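Participant: here is my input; please provide its structure:
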Amino acid sequence: MSAHPLPYPLRDPRSTPESRHGAPPAPRQETRPGMLIDRDVEVPTRAGRTVQIDVYRPETGDPAGVLIAWSPYGKHDPAPIGQIYPASGAKPEWMSDLTTFEGPDPVFWVPRGYAVVIADIPGTWYAKGPASYVSPEEAEDFADLVEWAGIQPWSNGRVGLTGVSYLTVAQWRVAGLNPPHLAAINPWEGWSDTYREVARHGGIPETSFWPYIWERWGASTGPIEDLEREDREHPFFDDFWASKAADLEAVTVPAFVVASWTDQGLHTRGTLEGFRRISSPQKWLYVHGAKKWAEYYRPEMVEMQAAFFDHFLLGRSTEVTDWPPVRLELRERYGRGTFVEGTSWPLPDVTYRTFHLDASTGTMSTRPVQTESTATYHGLGDPFVPSRVVFEHRFEEASDIVGHARLTLYAEAPDAPDMDVFVGLFKRDTGGEIVPFAYYAQFEDGPVALGWLRASHRELDPERSTDYLPVLAHRRGLPLEADGATRLDIEILPSGTRFAAGESLVLVVQGHDIKHYPKPLVYARHETDINRGPQVLHTGGRFDARLTVPELPADAPVTRRRDGA
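Facilitator: Numbering: from 1, shown residues only. Got it, this is the predicted structure:
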């Protein structure tokens, strides 16, 4: 059976499996105490491609619930988390030597009655391709593996999906196809719209993670999808990028969704949108303020995963039926916070509070600003012009900010036809110090939340936008207003943060990334090539620049507050 052609440009692989410590397939069976391991099993798909898998299962041979981890990173784990991300917080004692990158640990799951399937996706490593990524064709291949696993003699017919990042991105896609043997999914931090959440933040090209991850996915013995060319040829959201977005409303399977406030610019938005939009009658959301890999492997969180899968894959009575639909951490600082429980996302009790910006004082107030004023910063830095504009609001009473924020600016760039705007929210304590939070799974000095916008991409999608969430259409480029300021509506990614009385909410606006770390550290970078000269913000009077934030009242009737993790 020959593989069906893919509707994508192809290129030679970026590396060979051997160059990344791979070995040609050698089907065999190995044993560990209480465990059988079937290595290098080849599973064909309907399109003529193949999946290469390792299966870890109980030696008893009793039918087991099946967990699948669908990965482009290599089932032989050529780059362990601790090796390539030493600041991830994932402790070595939380994982056995059988654990693969972002996937489950068979040593934990097999004794509980599970078969764990770790898959090299079609076209990567030694699986037959060509390879495509986050595509409809890949989702169909994944569905074929789900159905194959559901009818094996060692399977009880119930298949669940697990894993972080790409292993979650693929879950959104295949769950939308609803393969009959799929019984439960556990999306753990994964984008659902590749264009908006990874490749183009607010229309600004991402220049660090997106090119880096192509390399990580690109080990193969044959051709792979040419993501670099596609990214270059498709600057706007078109049919190509639509093919890289999940059909979330088609998902109906039970889902335990885990997100964080800290993966700003990668997974935060997509995971929360995934939970909000999927149609699953049984779904739970847990949002934390820690680092994603550390939380996935933390023993207490693995027990939560087990409670979920034990119920839906093994038919056991567990605590999952008593879980609140939504549980969110309100961070106080890195490593410290409390939780609230609610019925849906966004929390139904939040009220949206508007702060009006005043460039003359650098403040934000709840009253509209009558007098017009301006503040100027240099788009890429100039020793004689400020590199950012800062606005601040001091809370007289404690305030919990949880959900989506929205910023409306009136801006101009006198020396440029377009402009990239970067915004960040921070927390300042009563001593005047900026409070640190986890960021991008590695750092511990991050912001409360981030937002971005290329001004020419400012057109909104009226069907998808809400009062709290401005969704950009990304269908065409619009010039800046020829004479005067241009209105910009900027989505600020969701967050959950507690402010004590006397602490401040700080808004930063500038022409380059809010956070900077030395290369080769990987995070969301935007090495903008369009900003030049000054950028001018207008506030007050005709220019009601404002920040709208979601505030949770202390006496919210639906949302319940509780301590603990």
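Participant: from here on, just use CA atoms for contacts and neighbour counts.
Facilitator: Noted.
Participant: so which residues of the stretch 401-550 of the chain form strands?
Facilitator: 420-428, 437-439, 443-446, 449-454, 486-499, 504-510, 534-539, 546-552 (DSSP state E, counting those that start in this stretch).
Participant: which one of the ones you listed lies nearest to P205?
Facilitator: Ranking the strands of the stretch 401-550 of the chain by proximity to P205 (Cα to Cα) places strand 449-454 first, at 9.3 Å.
Participant: what packs against the closest one?
Facilitator: strand 200-201, strand 204-205, strand 420-428, strand 486-499 (3 or more Cα pairs under 8 Å, 6 or more residues apart in numbering; DSSP states H and E).
Participant: in a markdown table: those strands, plus mean neighbour count and mean pLDDT.
Facilitator: Shown next, in a markdown table, are those (neighbours: other Cα atoms under 10 Å; pLDDT from 0 to 100):
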| stretch | mean neighbour count | mean pLDDT |
| --- | --- | --- |
| strand 200-201 | 24 | 98 |
| strand 204-205 | 24 | 98 |
| strand 420-428 | 24 | 98 |
| strand 486-499 | 24 | 98 |
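Participant: contacting residues around the nearest residue to E551 once chain neighbours are set aside?
Facilitator: Residue nearest to E551 in three dimensions, not counting chain neighbours: I401, with 4.6 Å by Cα to Cα, 6 or more residues apart in numbering. I401 sits next to 495-499, 549-552 when contact means Cα atoms under 8 Å, 6 or more residues apart in numbering.
Participant: let me know the closest of those to G74.
Facilitator: S495 (32.8 Å).
Participant: my understanding was that the closest one contacts D400; is that so?
Facilitator: No: using Cα atoms under 8 Å, S495 is not in contact with D400, being 10.3 Å away.
Participant: could I get the pLDDT score of the residue most central in space within the chain?
Facilitator: Closest to where the C-alpha atoms of the chain average out (Cα atoms, centre = their mean) is H267, at 0.7 Å. Listed pLDDT for H267 reads 98.
Participant: go ahead and confirm D418 touches L453.
Facilitator: No: D418 is not in contact with L453 according to Cα under 8 Å; the separation is 10.7 Å.
Participant: now the helices and strands packed on strand 449-454 in a markdown table, with distance to K75?
Facilitator: Formatted as a markdown table, the helices and strands packed on strand 449-454 follow (distance: least, Cα to Cα, whole Å):
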| stretch | distance to K75 |
| --- | --- |
| strand 200-201 | 30 |
| strand 204-205 | 31 |
| strand 420-428 | 38 |
| strand 486-499 | 33 |
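Participant: out of the ones you listed, nearest to L161?
Facilitator: Here strand 486-499 is closest among the helices and strands packed on strand 449-454 (Cα to Cα), at 25.4 Å.
Participant: low-confidence stretches in this structure?
Facilitator: The chain contains residues with pLDDT under 70 at 1-2, 381-385, 563-565.
Participant: how about the helices in it?
Facilitator: Applying DSSP state H to the chain gives helices spanning 81-84, 106-109, 136-150, 166-175, 194, 209-217, 227-233, 239-242, 268-277, 292-297, 299-314.
Participant: grab the nearest non-local neighbour of F339.
Facilitator: E329 (4.3 Å).
Participant: how about the contacts made by that neighbour?
Facilitator: 287-289, 337-340, 496-497.
Participant: try 10 Å
Facilitator: Contact analysis of E329 by Cα atoms under 10 Å, 6 or more residues apart in numbering lists 260-261, 286-290, 336-341, 402, 495-498, 561-565.
Participant: what's the answer for T271, then?
Facilitator: Applying Cα under 10 Å, 6+ apart, the residues near T271 are 165, 168-169, 172, 187-193, 257-260, 263, 285, 287.
Participant: next: K75.
Facilitator: Listed by Cα under 10 Å, 6+ apart, the contact set of K75 reads 22, 39-40, 52-54, 69, 98-101, 103, 117-121, 125.
Participant: right, I'll call it a day here.
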